[in-house]
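> sequence isn't available, so here's the structure alone:
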């Protein structure tokens with residue numbers, strides 16, 4: 001997504017969903033020390 005503002009707004013809305021229903025949603029940290037994790041690392045966190 002090229003629109004940074006859209007990314008930030010989307011992230012904010014997802015965090016609200018997590019706060020409202022933490023038993024239903026999980027936050028996945030896709031970064032490691034400021035660097036994006038690999039697809040494989042993220043896959044392991046999801047599954």
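Looks like it came in fine. Predicted model only: the values in this text are computed from it and were never measured. Numbers count the residues shown, from 1 in each chain.
> which residues are in contact with residue 27?
For residue 27, the contact set (CB atoms under 8 Å, 6 or more residues apart in numbering) comprises 14-15, 18. Placement of C-beta: from N, CA and C, glycine included.
> what element comes up after the top helix by length along the chain heading to the C-terminus?
Scanning the chain for the longest helix, with DSSP state H as the assignment, gives helix 4-20. Heading C-terminal from helix 4-20, the first helix or strand you meet, by DSSP states H and E, is strand 31-32.
> helices or strands next to that next one in the packing?
Strand 31-32 sits against no helix or strand, with contacts defined as 3 or more CB pairs under 8 Å, 6 or more residues apart in numbering; DSSP states H and E.
> now do the helix or strand harbouring residue 41: everything it contacts.
Here residue 41, judged by DSSP H and E, is contained in helix 39-46. By CB under 8 Å, 6+ apart, the residues outside helix 39-46 that reach it are 28-30, 32, 37.
> and those residues as JSON lines, adding neighbour count and distance to residue 2?
Converted to JSON lines, those look like this (neighbours: other CB atoms under 10 Å; distance: CB to CB, whole Å):
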{"residue": "28", "neighbour count": "8", "distance to residue 2": "22"}
{"residue": "29", "neighbour count": "8", "distance to residue 2": "23"}
{"residue": "30", "neighbour count": "14", "distance to residue 2": "18"}
{"residue": "32", "neighbour count": "10", "distance to residue 2": "23"}
{"residue": "37", "neighbour count": "15", "distance to residue 2": "21"}
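> among the residues you listed, which one sits closest to residue 6?
Residue 6 has its nearest neighbour among those in residue 30, at 16.9 Å by CB to CB.
> quick one, what contacts the residue nearest to residue 36 when sequence neighbours are not counted?
Take residue 36 and drop its neighbours on the chain: the residue closest to it by CB to CB, 6 or more residues apart in numbering is residue 30, 6.2 Å away. Remark: with contacts taken as CB under 8 Å, 6+ apart, residue 30 is in contact with 36-37, 42.
> in the protein, which residue is most central in space?
Nearest to the mean C-alpha position of the chain, by CA atoms, centre = their mean, lies residue 28 at 4.9 Å.
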